[in-house]
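K.L.:
coords please:
(chains A, B, C and D)
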There are 2 protein chains.
Amino acid sequence: MARRVTIKDVAKKVGVTATTVSMVINNNPSISTRTRDKVLKAIEDLNYYPNHAARSLVKRKTNTIAILAEFFYPLFYQQLLDGIEHRVIGSPYSFIHFATLASKPIREKIFREILYGRVADVLISFNRVPPQRLLTEYIKEKYPLVVIEHDVPGLNSVLCDNFIGGYKATEFLIKQGRKNIYCVSPRRIDAAGGSDVQIKRVEGFKKALEDHGMDFSEERIIETTHFYFEAGKECYNSVLKDIKGLDAVFAAAGDPVAIGIIHAAQNDKVMIPDDLAVIGYDDLEVAAFINPPLTTIMQPGKQMGIKAVEIALSYFDDDINSNVHKIVFEPELVIRESV
Amino acid sequence: MARRVTIKDVAKKVGVTATTVSMVINNNPSISTRTRDKVLKAIEDLNYYPNHAARSLVKRKTNTIAILAEFFYPLFYQQLLDGIEHRVIGSPYSFIHFATLASKPIREKIFREILYGRVADVLISFNRVPPQRLLTEYIKEKYPLVVIEHDVPGLNSVLCDNFIGGYKATEFLIKQGRKNIYCVSPRRIDAAGGSDVQIKRVEGFKKALEDHGMDFSEERIIETTHFYFEAGKECYNSVLKDIKGLDAVFAAAGDPVAIGIIHAAQNDKVMIPDDLAVIGYDDLEVAAFINPPLTTIMQPGKQMGIKAVEIALSYFDDDINSNVHKIVFEPELVIRESV
DNA sequence: GTGAAAGCGCTAACAT
DNA sequence: ATGTTAGCGCTTTCAC
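P.N.:
You can find the predicted model right below:
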């Protein structure tokens, strides 16, 4: 990296000292207007920009927000990211992404690096928390951590109630007269990372069934290995298609899986929703554009992202921010034509 | 931020000097195995992690890659990001995202910040280049810049030939016997940012028409304002539906727009592909799962992301990397059932 | 209102 | 094989 213009260059050009320039940059009021103007002009002329590392070093503050996720391409995460981006712009913060790629060692390494390496001032994590020992350290060090989609006592979290979502989806199916309802969901997510999202949705499913006097058994939960379109297709072809009397599916795994199921069912000459009702989860943009349009449970992803940033930023506004924030959004049923 | 354990703490604990610890961290071979082991153990015990800012400051290297895009949620960008993430993991680099939110001043500010503020060692930009004056500075300063999806002489770029893509799409439509083909594309992207992606695709469209002796006129290009599903729907409802004799559409604007068009057309009792053939662009994951499955032009997004990172990293392997890299992938026709 | 001096945590010569 | 010294670019007392 070539040498760049530093604060000293600016100082020399104006005929003041680095301190003065620094004060101007930091809006210190005890600088005369005359000097301030000259300094500002020199900064402009020389294309001076403060060195981020040097600043972080002395201020012990990086002005960056870390975002951690296993992967960033799940479509629901786009909505989260969208909210985050919009909220961060205009503030002096930028953000740095860490994809842990579903690897436990990588995840642990990243959680350590963030905590101890001072890469960022605060961490927003998508559905993942540090392993227990590290988590204790986070708490002990009072490192600002906000977790989206995962509820851990003592941690800031931004949630959308998955139990209610599962309940609403199932109840709607029941009220539409469906009698033989199955739920598609990953059964057990990577225990180490710990996700209770799916579990809660399934609990809502179960409760709704019971509340309406309908039979529930574990077999009603069909397992998928992942969350993408392909999983829905595989799921239909390998198990759903052979269930006799099946008339409804709640894709707790999300809209892409629901869409995959619909796709496979239609290929199988099954009419949606007449023969089979399908309800998704998330209300992704695409949900409204398939045929038939997908009935689903909406989570306010963008709002959730915004809220996460706001909690994060609140740590810098007042230093004495010690309360734990827990924001819970309510999922909404979006009725279209697949049920 | 609380004080953390520093290199000195480690040194003191072991009874050596900071230099020694530093050498261990940096794998300097001239350290005795005995000392190395003791230092490593102390690092472990104390949970020491090098301060990123301090390191960047002295090494003049941040070990971070900046990624810039207007927004990160276009679905094709997910594929790019996926490739980037996978390629970066395992290297000592992390990456920082800058969303410019379609704002010219924000974009310029970010381009300046990256160049002068030393936030990152290299910039991978999605389809955007700095304004002319700044671009000159980038080149003058030899700041490593790789641009995806935008071909600018003298800059590293990773491309997928949009002219060929447009040509292939159109030619396929023609060979399937379509006679009255329209192209849907944003006509003029933000001139300041400068995107020629769409323009090239449209040129391919035009050339294919001409090569096959078919009439081309500007009216055959239908303008959209954005790239999402909704745009396709609007486009169909406001103009496509009234075009008499229309039998094919090339959605140069991308798969989501194609899907939006199909959705709206189906609502209008138009049969796809019998009455209307629709071909998309990108081959997003969802393309295979709509009904009918979408015929489209595939761009190897993940590969493109990987390649971009590799070019970026090459700047660190050899310092004397002065040649400009220009990688051009070839788009492929993916035949499904919408044509 | 501005400057001098010290130091943030680390690394890179240069010694020894 | 390890320690001494200086310095990366900036901010922050504390003087004046």
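K.L.:
Up against DNA strand C, what does the stretch 1-150 of chain A have?
P.N.:
Within the stretch 1-150 of chain A, the positions near DNA strand C by CB under 7 Å from any atom of the strand are A:15-20, A:23, A:28, A:30-32, A:34-36, A:54, A:57-58, A:60. For the C-beta atoms, the positions are set from N, CA and C on the backbone; glycine is no exception.
K.L.:
of these, list those near chain B.
P.N.:
Counting by CB under 8 Å from any CB of the partner chain, the subset of those that neighbours chain B consists of A:Ala54, A:Leu57, A:Arg60.
K.L.:
what residues are up against the nearest residue to the first one once chain neighbours are set aside?
P.N.:
Which is A:Ala54. Closest residue to A:Ala54 apart from its sequence neighbours, by CB to CB, 6 or more residues apart in numbering or on different chains: B:Leu57 at 5.3 Å. B:Leu57 makes contact with A:Asn51, A:Ala53, A:Ala54, A:Leu57, according to CB atoms under 8 Å, 6 or more residues apart in numbering or on different chains.
K.L.:
A:Asp268: which of those is nearest?
P.N.:
Nearest to A:Asp268, judged by CB to CB, of the contacts of B:Leu57 is A:Ala53 at 58.7 Å.
K.L.:
How about the secondary structure of A:His97?
P.N.:
At A:His97 the chain is in strand, as set by DSSP: H, G, I helix; E, B strand; the rest coil.
K.L.:
Now name the helix or strand holding the nearest residue to it once chain neighbours are set aside.
P.N.:
Leaving aside its sequence neighbours, A:His97 sits nearest to A:Ile67 (CB to CB, 6+ apart; 5.2 Å). Using DSSP states H and E, A:Ile67 falls within strand A:64-69.
K.L.:
Tell me which residues are up against that strand.
P.N.:
A:77, A:81, A:84, A:88, A:93-100, A:110-111, A:114, A:119-128, A:309, A:312, B:96.
K.L.:
go again using 7 Å as the cut-off
P.N.:
Strand A:64-69 is touched from outside by A:77, A:84, A:88, A:93-100, A:110, A:114, A:119-126, A:128, A:312, with contacts defined as CB atoms under 7 Å, 6 or more residues apart in numbering or on different chains.
K.L.:
Give me the subset of the ones next to chain B among the residues of the stretch 1-150 of chain A next to DNA strand C that lies in helices.
P.N.:
Judged by DSSP state H, these include A:Ala54, A:Leu57 as members of helices.
K.L.:
How far off centre is stretch A:101-120?
P.N.:
Counting by CA atoms, centre = their mean, to the nearest Å, stretch A:101-120 is centred 17 Å from the centre of its parent chain.
K.L.:
Same question for stretch A:73-86.
P.N.:
Worked out by CA atoms, centre = their mean, stretch A:73-86 lies 7 Å from the chain centre.
K.L.:
and it, what's its mean pLDDT?
P.N.:
Stretch A:73-86 carries an average pLDDT of 90.
K.L.:
now chain A, which segments are flagged as low pLDDT?
P.N.:
A:1-3, A:187-195, A:317-322 (pLDDT under 70).
K.L.:
quick one, helices of it?
P.N.:
A:7-14, A:18-25, A:33-46, A:52-59, A:75-88, A:104-117, A:132-140, A:162-175, A:197-211, A:229-238, A:255-267, A:301-317.
K.L.:
winner for burial among those?
P.N.:
helix A:255-267 (a mean of 26; mean count of other CB atoms under 10 Å in any protein chain shown).
K.L.:
what residues does the stretch 101-250 of chain A put near chain B?
P.N.:
Counting by CB under 7 Å from any CB of the partner chain, the residues of the stretch 101-250 of chain A lying close to chain B are A:101, A:106, A:112-113, A:116-119, A:121, A:141-142, A:228-229.
K.L.:
Can you tell me which of those is nearest chain B?
P.N.:
Using CB to the nearest CB, A:Tyr116 is the member of those that lies nearest chain B, at 3.3 Å.
K.L.:
nearest spatial neighbour of A:Asn127, skipping sequence neighbours?
P.N.:
A:Glu149 (4.4 Å).
K.L.:
The one you found contacts A:Asp196, doesn't it?
P.N.:
No. A:Glu149 is beyond contact range of A:Asp196, at 8.9 Å (criterion: CB atoms under 7 Å).
K.L.:
Can you give me the buried ones in stretch A:270-282?
P.N.:
A:Val270, A:Ile272, A:Pro273, A:Leu276, A:Ala277, A:Val278, A:Ile279, A:Gly280, A:Tyr281, A:Asp282 (16 or more other CB atoms under 10 Å in any protein chain shown).
K.L.:
Would you mind measuring the gap between the ends of that stretch?
P.N.:
Stretch A:270-282 has its terminal residues 24 Å apart, counting by CA to CA, to the nearest Å.
K.L.:
A:Pro50 is in contact with A:Val24, isn't it?
P.N.:
No. Assessed by CB under 7 Å, A:Pro50 is found out of contact with A:Val24, at 11.1 Å.
K.L.:
Give me the distance between A:Ile272 and B:Tyr116.
P.N.:
Distance, A:Ile272 to B:Tyr116, using CB to CB, to the nearest Å: 56 Å.
K.L.:
whoops, A:Glu108 was the one
P.N.:
Taking CB to CB, one finds A:Glu108 at 35 Å from B:Tyr116.
K.L.:
beta partners for the residue nearest the centre of chain A?
P.N.:
The centre of chain A sits closest to A:Phe126, judged by CA atoms, centre = their mean, with a distance of 4.3 Å. Counting by DSSP bridges, A:Phe126 is bridged to A:Ile148.
K.L.:
Now for it: which residues touch it?
P.N.:
Per CB under 7 Å, 6+ apart, neighbours of A:Phe126: A:Leu68, A:Ala69, A:Tyr77, A:Leu80, A:Ile148, A:Glu149.
K.L.:
Next up, the contacts around the fourth one.
P.N.:
Right, A:Leu80. A:Phe126, A:Ile148, A:Gly301, A:Met304, A:Gly305.
K.L.:
Pretty sure the second one sits against A:Ala308.
P.N.:
Yes. A:Ile148 sits in contact with A:Ala308 when judged by CB under 7 Å, with a separation of 5.5 Å.
K.L.:
now A:Pro130: how far from A:Arg112?
P.N.:
8 Å.
K.L.:
Can you name the residue of the stretch 101-250 of chain A nearest to DNA strand D?
P.N.:
A:Arg118 (13.6 Å; CB to the nearest atom of the strand).
K.L.:
That residue: what's it in contact with?
P.N.:
By CB under 7 Å, 6+ apart, the residues touching A:Arg118 are A:Thr62, B:Met1, B:Arg4, B:Asn51, B:His52, B:Ala53.
K.L.:
and the stretch 1-150 of chain A, which residues reach DNA strand D?
P.N.:
Counting by CB under 7 Å from any atom of the strand, the stretch 1-150 of chain A sits next to DNA strand D at A:3-4, A:6-8, A:18-19, A:21-23, A:25-26, A:48, A:50-51, A:54-55, A:57-59.
K.L.:
can you rerun that using 10 Å?
P.N.:
By the rule CB under 10 Å from any atom of the strand, the part of the stretch 1-150 of chain A lying against DNA strand D is A:1-11, A:17-26, A:28, A:30, A:48-61.
K.L.:
contacting residues around the residue lying closest to A:His212 once chain neighbours are set aside?
P.N.:
Using CB to CB, 6+ apart and skipping the chain neighbours, the partner closest in space to A:His212 is A:Ile174 (5.0 Å). Contact partners of A:Ile174, counting by CB under 7 Å, 6+ apart, are A:Ala208, A:His212, A:Met214.
K.L.:
re the thing from before, partner strands of the strand holding A:Ile67 and their direction?
P.N.:
Short version: by DSSP bridges, strand A:64-69 pairs with strand A:94-99 (parallel), strand A:122-126 (parallel).
K.L.:
Quick one: closest of those to B:Lys168.
P.N.:
It's strand A:94-99; of the strands paired with strand A:64-69, that one is closest to B:Lys168 (CB to CB) at 32.7 Å.
K.L.:
how far does the strand holding A:Ile67 sit from the chain's center?
P.N.:
10 Å.
K.L.:
angle of it against helix A:52-59?
P.N.:
Orientation of strand A:64-69 against helix A:52-59 (axes from the mean of the first three to the mean of the last three CA atoms, to 10 degrees) gives an angle of 110 degrees.
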